[in-house]
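Asker: with the input below, show me the fold.
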Amino acid sequence: METTRQQKVARQIQKDLSELFMQASRTITQGKMITVTVVRMSPDLSLAKVYLSLFPSGDAAKFLENLQHHAKHIRLELGRKVRHQLRIVPEIAFFIDDSLDYAEHIDELLK
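Answerer: Residues are numbered from 1 along each chain as shown. Alright, predicted model coming up:
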């Protein structure tokens, strides 16, 4: 169960990463529309698991690899945004949130 502090930090990181992805849409996101769906914080606030939803969702593995390549730059920019709120900028681990694709698949099966 997440503490209130974890939830607040997760919401702040989600907001800041969303803004960062909007600003760097050509270099990092390769023209894809990204939604930061969920951010989960570790109890010591040293790791942020960031779940992303992509549109179009094709070639997600290649996109995730490119995002991992830019992870240090993203963490640096995140640190500039949260430097007055957090003492330590958390490490970032990116994951693809495929729940929308799964829901679409279930809808097609039901039809």
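
Asker: hey, let's count contacts and neighbours off CA atoms from now on
Answerer: Will do.

Asker: can you give me the helices in the chain?
Answerer: 4-23, 60-69, 71-82, 99-110 (DSSP state H).

Asker: of these, which shows the lowest average pLDDT?
Answerer: With a mean of 82, helix 99-110 has the lowest mean pLDDT of these.

Asker: that older thread, closest to Asp44 out of the helices of the chain?
Answerer: Taking CA to CA, helix 4-23 is the member of those nearest to Asp44, at 8.6 Å.

Asker: ok, and what's touching that closest one?
Answerer: 28-29, 34-43, 45, 48, 50, 74, 77-78, 81 (CA atoms under 8 Å, 6 or more residues apart in numbering).

Asker: what are the buried residues along that helix?
Answerer: 6, 9-14, 16-18, 20-21 (16 or more other CA atoms under 10 Å).

Asker: could you give the mean pLDDT of stretch 37-45?
Answerer: The average pLDDT for stretch 37-45 rounds to 94.

Asker: Ile13 versus the nearest residue to Ile92 once chain neighbours are set aside, what's the distance?
Answerer: In space, and not counting its chain neighbours, Ile92 is closest to Ala48: 5.0 Å by CA to CA, 6 or more residues apart in numbering. Distance, Ala48 to Ile13, using CA to CA, to the nearest Å: 8 Å.

Asker: what do those two both touch?
Answerer: In contact with both Ala48 and Ile13: Val39, using CA under 8 Å, 6+ apart.
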